[in-house]
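K.L.:
Let me see the structure of the following:
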Amino acid sequence: MSEKTLRVVAILKAKSGKEQELCDYLKTLIEPTTKEDGYIRYEMHSNNADPSEFVFIEEWQSEAHLNAHLASPHLQEAIAKLPDLLAEELNIRRLTVVD
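P.N.:
This is a model prediction of the structure:
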């Protein structure tokens, strides 16, 4: 049996008035992430019912690849910057497909 990939859902809710700034900043994370080892999918979405909420749907080859992504310079910079833009704590969910 082959090893399952790791799926991730990351939910970010912008502070009032910071929606566009957060959106623009999050878009800058996409291109460098797509070049990372273990990257399979990294999609940014906006919530149709709540324009202040953005959701990343990600897929990584393994937990180790996700951990390397989280430790990457562009993600560490984002983690430092996000508190100024977020209304709520970053919500990251690590998921595995159920057979």
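K.L.:
Just the mean pLDDT for the helix or strand hosting residue 30, thanks.
P.N.:
In this assignment (DSSP states H and E), residue 30 forms part of helix 19-34. Here helix 19-34 scores 97 as its mean pLDDT.
K.L.:
next structured bit after that helix?
P.N.:
Next along from helix 19-34, by DSSP H and E: strand 39-47.
K.L.:
Next, the angle from that following strand to helix 19-34.
P.N.:
170 degrees (axes from the mean of the first three to the mean of the last three Cα atoms, to 10 degrees).
K.L.:
other SSEs contacting the helix or strand following strand 39-47?
P.N.:
Sequence order places strand 50-60 as the next helix or strand after strand 39-47, per DSSP H and E. Helices and strands touching strand 50-60, by 3 or more Cβ pairs under 8 Å, 6 or more residues apart in numbering; DSSP states H and E, are strand 6-13, helix 19-34, strand 39-47, helix 63-71. Where C-beta positions appear, they are placed from N, C-alpha and C, glycine not excepted.
K.L.:
contacts for strand 50-60?
P.N.:
5-16, 19, 22-23, 26, 38-47, 66, 69, 87 (Cβ atoms under 8 Å, 6 or more residues apart in numbering).
K.L.:
Show me which of these are buried.
P.N.:
5-8, 10-14, 19, 22-23, 26, 38-39, 42, 44, 66, 69 (16 or more other Cβ atoms under 10 Å).
K.L.:
so what does the strand or helix carrying residue 93 touch, helix or strand wise?
P.N.:
Using DSSP H and E, residue 93 sits in strand 91-95. In this structure, strand 91-95 packs against strand 6-13, with contacts taken as 3+ Cβ pairs under 8 Å, 6+ apart.
K.L.:
isn't residue 92 right next to residue 6, touching?
P.N.:
No: applying Cβ atoms under 8 Å as the test, residue 92 and residue 6 come out as separate, 11.5 Å apart.
K.L.:
Figure out how far stretch 60-69 is from the centre of its chain.
P.N.:
12 Å (Cα atoms, centre = their mean, to the nearest Å).
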